[in-house]
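Peer 1: build me a model from this:
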Amino acid sequence: MTLTLNEEHQLTGSGLGYQHSCYVMMRALANRSGLKYGIGKHDLVALQATYQTLEFDEIDPEGVSTDKVIEFLDDEQFEDVLAKLEDNVPLFGYPTPSNAIDPTQIKELKKHFTFRNEIYDACKKFKEDNFGDTPVISMHIRRGDFEDIQSGMFLIDDDYYEDALKLMPDGLPVLIFTNAKDYVMNNPKFIGSRFTLVHDIENNNEVVNCDWTQMMLKIVDESGMGRFYYKMVLKIMSDKTGVPVHQIIKDMSPVGKRKIKNNLYNYSYDLCMMHMCDYHIMANSSYGLWGVELSNTNKVVYPKYWMQGSHIDVDDIDNQVKMDLDGFDQTGSLAGHFINDKWVGLDNPDQRAFTMVY
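Peer 2: This next block holds a predicted model:
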């Protein structure tokens, strides 16, 4: 009597935002069907590292079919997926705002996302120490793996963020969350007293002076290659450098060792800090989408264009990268549950395009 999901591990789109959608879908399906929600021992590791009140019924459940799956599509509705369920037959598909959200349960399920005390307390202290009672704008810049044409995602240019800031209250401090810290630090548009780049709130937002620790944090940040947990990341580091894992840990800074020992990840702190902000400028990212959904935001500016589509011939960039979607609010269509009258959509043309493709 178990319900499971074949969790997808891929280089783009399987991180903490995706894992939120997995959880609310599967927990809601289990609640409605009477089946137990089971996960593998190494599933949803980012989610479990972030929250303390998640509810799973079984870990490594027995008797789950290995020769049959029930597939569901990105654009199906929650009720469509519910109607397909079979006992001990795993689901296979990609949870999205369209198919993962049960409107009758989402308000209650969001209460399961209670941040671990050490994460919440550190973020609250950082915000109070640096900004007091002043409202703060969250600005999420998502690049990294999105720069690869094969990701199929729109790459958002600086113009979008400059236009979005014009729609926000003038002069408020801006916290920048990004998986491309070098890009932001070297961008004159985001330098000044108004802007604070979020480096490492667990370490009082100070950059760790240790090559091993920085390498570890960068691999966790940049894509799903390390599956968002340190054990896999350390193995990748060892494979890249030829240095045994035990030696890497031995030579690592106390900050890095503390993060590994206590299962503390920057993506957990960043999301917690993002949800504490008062205004939000989004990227085309499910991570940021959940950061906003868990907040008490006053206003959200979001990019209308989310996905380019699948790309095969990387040599023919002119015919692959769309400049825009001719004004179509793709994000509004994909994330309808999340959007309300506090949300404002902006065009975010992809500057990689040399010609318009329709």
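Peer 1: how about the strands in the chain?
Peer 2: Listed in chain order, the strands of the chain (DSSP state E) span residues 2-3, 36-39, 58-59, 70-71, 91-92, 137-141, 174-178, 195-197, 279-281, 299-303, 343-346.
Peer 1: what residues are up against the residue nearest the centre of the chain?
Peer 2: Most central in the chain under Cα atoms, centre = their mean is Tyr287, positioned 2.4 Å from the mean C-alpha point. Tyr287 makes contacts with Gly15, Leu16, Gly17, His140, Arg142, Tyr267, Leu271, as judged by Cβ atoms under 8 Å, 6 or more residues apart in numbering. All C-beta spots, glycine's among them, are computed from the backbone N, C-alpha and C.
Peer 1: surely the second one and Gln48 touch.
Peer 2: Right, Leu16. No: contact criterion Cβ atoms under 8 Å: Leu16 and Gln48 do not qualify, at 10.5 Å.
Peer 1: can you add mean neighbour count and give the strands of the chain back as a markdown table?
Peer 2: Formatted as a markdown table, the strands of the chain follow (neighbours: other Cβ atoms under 10 Å):
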| stretch | mean neighbour count |
| --- | --- |
| strand 2-3 | 22 |
| strand 36-39 | 22 |
| strand 58-59 | 12 |
| strand 70-71 | 14 |
| strand 91-92 | 18 |
| strand 137-141 | 25 |
| strand 174-178 | 23 |
| strand 195-197 | 17 |
| strand 279-281 | 27 |
| strand 299-303 | 23 |
| strand 343-346 | 17 |
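Peer 1: and of the ones you listed, who's closest to Ser333?
Peer 2: strand 343-346 (10.5 Å; Cβ to Cβ).
Peer 1: what's around the nearest residue to Ala28 once chain neighbours are set aside, how many residues?
Peer 2: Among residues not flanking Ala28 along the chain, Asp102 sits closest, at 4.0 Å (Cβ to Cβ, 6 or more residues apart in numbering). By the other Cβ atoms under 10 Å criterion, the neighbourhood of Asp102 contains 21 residues.
Peer 1: check contacts around Asp102.
Peer 2: Asp102 neighbours (Cβ under 8 Å, 6+ apart): Val24, Ala28, Leu29, Arg32, Phe78.
Peer 1: quick check: the first one vs Phe338, distance?
Peer 2: It refers to Val24. 12 Å (Cβ to Cβ, to the nearest Å).
Peer 1: so the two - more neighbours on which side?
Peer 2: Using other Cβ under 10 Å as the criterion, Val24 and Phe338 rank with Val24 on top: 24 against 20.
Peer 1: check whether the more buried one really touches Pro103, as I assumed.
Peer 2: No: judged on Cβ under 8 Å, Val24 makes no contact with Pro103 at a distance of 11.2 Å.
Peer 1: quick one, phi/psi of the residue of the chain positioned farthest from its centre?
Peer 2: Distance from the C-alpha centroid of the chain peaks at Gly63, with 31.7 Å (Cα atoms, centre = their mean). Phi and psi for Gly63, reported as degrees, to the nearest 10, are phi 80, psi 10.
Peer 1: from Lys231, how far off is it?
Peer 2: Distance from Gly63 to Lys231, by Cβ to Cβ: 27 Å.
Peer 1: all set now, cheers.
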